[in-house]
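J.: Sequence plus the predicted model coming up.
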Amino acid sequence: LLARDHPTRGLADQLTFLRPSVRADVVFLVDEFIGIVEAFFRGQLLIGLCMGVLLAAGFSIVGLKFGLFVGLALGILNIIPYLGTIVGLGFTLPLAFFQTGGGWQLVGLVLAVKIAVQTVEAWVLTPRIMGHQTGLHPVTIIVAIFFWGTALGGVLGMLMAIPLTAFVVTAWRLVKRKYFPAHDA
């Protein structure tokens, strides 16, 4: 994400065994894929930061000790799918139960905050932020996550859903532009 040099610079020079038209297509697809993956990780970072702020605010409001710190840390851990949720529940629920003034009521409130933030992330943040970052419609992103999660067997498919879908869309655009030119009537 911090690379200043263009990652595909000089790639065409390395593909001299390909015809110039094929070489140009390969360079275009690799360049687009790298751009999509960079946009995906930028989007994941932005979603993680938004979730961290929401969790920190929610945990602080319900009275969880260290709620600000815990919420921000869990938001950042959510960059890796399911890690923030697993670590979050494994850490916040015992903390809520055993802290001074804690108990089942605080555990319920912490769970409510976690569920509310996860819902906002799944139905608002991810579709909108990833849609903006990758150029995909929010509904396309939701369907892609379900499709690739099923096709690739779970977490790996869900993690790769947006880059794979964006690559398929980019490849389709290349094929459409190259082999199905628009007819001017």
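T.: Everything's here; your move. Since this is a predicted model, take the numbers as computed values, not measurements.

J.: where exactly do the helices run in the chain?
T.: Taking DSSP state H as the criterion, the chain carries its helices at 11-14, 20-62, 67-77, 83-98, 104-120, 131-134, 138-151, 155-179.

J.: Reformat those as TSV; add mean pLDDT and mean neighbour count.
T.: (C-beta placed from N, C-alpha, C; glycine too.) Shown next, in TSV, are those (pLDDT from 0 to 100; neighbours: other CB atoms under 10 Å):
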stretch	mean pLDDT	mean neighbour count
helix 11-14	70	12
helix 20-62	85	18
helix 67-77	91	20
helix 83-98	88	17
helix 104-120	93	17
helix 131-134	74	19
helix 138-151	82	17
helix 155-179	81	16
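
J.: measure the residue positioned nearest the centre of the chain to Leu11 for me?
T.: Nearest residue to the geometric centre of the chain (CA atoms, centre = their mean): Gln44, 4.0 Å. According to CB to CB, to the nearest Å, Gln44 and Leu11 sit 26 Å apart.

J.: before we move on, what about Leu29?
T.: Leu29 is 11 Å from Leu11, by CB to CB.

J.: Find the residues that touch each one of these two.
T.: Common contacts of Leu29 and Leu11 (CB atoms under 8 Å, 6 or more residues apart in numbering): none found.
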